[in-house]
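Peer 1: predicted model, plus sequence, below.
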Amino acid sequence: MVNKTEKIWMDGELVDWDDAKVHVLTHTLQYGLGVFEGIRCYKTPKGPAIFRLREHVHRLFDSAYIFQMEIPFSKQDVEKAIVDCVRVNGLQECYIRPFVYIGYGAMGLYAKGNPINVSVSAWEWGSYLGEDGVKNGIRVKTSSFIRNHVNSNMSRGKVSGYYVNSQLAKREAIGLGFDEALLLDTEGYVSEGAGENIFIVRNASIKTTPLTSILEGITRDSIMKIAKDEGIQLEERRFTRDELYISDEAFFSGTAAEITPIREVDNRTIGIGKPGKVTQQLQKIFFDTVHGLVDKYSSWLTYI
């Protein structure tokens, strides 16, 4: 359940949570074309800090641009709205959801003249895949649903409608007793989780899916930079399910999932069945970073 806060930013104004409403014929609600971001704010010794705010807002605008949605605010306006939303709600740690959607007006698939609306919400939210999952790892099922083809949907955009595919995969995995789904691409290679990027570790070297059928994850990018700084070999290359099965370690990454180890895939134990050394090393640096304890990555934090 979403933990209710006091205010939501909507089109330039902070409104009461219960008054943040749209018309039932809002175009995005009917047809699914809206773009959004998931951002986290963490408690640090210097107060709450938003992790990689500029990069998230930049990706939001990129998503809108891909789909020819002209956001009626500047990037600076949206960054300020996000900071204001966290501050006015008195949040120390939270999840933040900027959302750009096509508003009420014309119906039908082509609604060029409809307004483009923007909202920002923030609420307290723990680890998406559970605290136990972050600590001990999760069980994953390869889905019977595949990730959308790059020419049927444009994977660089973080689009509301795309997550129907993710919901189908997630529901299937949960229904079969697993914690999360893994989706393959249209050629049968590992793509990503229902809402996360994936990494595997073999012989102390990391491999992650290249930017083909996957979202260009900001947590993914952070992990890649940290791994490089730590001298850990990392490559972006396609890999198959059986390579995942025989990997020494595997983990998901994402704003909601943070860094969540994978201990089992398709009833096959990964490595020793618990988070490995490389995963734990990256987890520690990542969580220290977001909590303001690593000077090297201080530029990734926007303090409230």
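Peer 2: The structure has been received and is ready for your questions.

Peer 1: helix/strand/coil for the nearest residue to Ser143 once chain neighbours are set aside?
Peer 2: Spatial nearest neighbour of Ser143, excluding adjacent residues (CB to CB, 6 or more residues apart in numbering): Ala169 at 3.9 Å. For the C-beta atoms, the positions are set from N, CA and C on the backbone; glycine is no exception. The assignment at Ala169 comes out as helix when based on DSSP: H, G, I helix; E, B strand; the rest coil.

Peer 1: one more: Gly271?
Peer 2: Relying on three-state DSSP, one would call Gly271 coil.

Peer 1: distance of it relative to Phe287?
Peer 2: 21 Å (CB to CB, to the nearest Å).

Peer 1: between these two, which one's more packed in?
Peer 2: Remark: of Gly271 and Phe287, Gly271 carries more neighbours, 21 against 15, as counted by other CB atoms under 10 Å.

Peer 1: look up the pLDDT of that one for me, please.
Peer 2: The per-residue pLDDT reported for Gly271 equals 97.

Peer 1: wait, it touches Tyr245, no?
Peer 2: No: Gly271 lies out of contact with Tyr245 (CB atoms under 8 Å); the separation is 10.5 Å.

Peer 1: the residue nearest to Ser143 contacts Ala194, doesn't it?
Peer 2: Yes: proximity of Ala169 to Ala194 meets the contact threshold set by CB under 8 Å, at 4.8 Å.

Peer 1: mutual contacts of these two, please.
Peer 2: Taking CB atoms under 8 Å, 6 or more residues apart in numbering as the contact rule, Ala169 and Ala194 both touch Ser143, Ala181, Leu183.

Peer 1: the last one should be in a strand, yeah?
Peer 2: It stands for Leu183. Yes: membership of Leu183 in a strand is supported by three-state DSSP.
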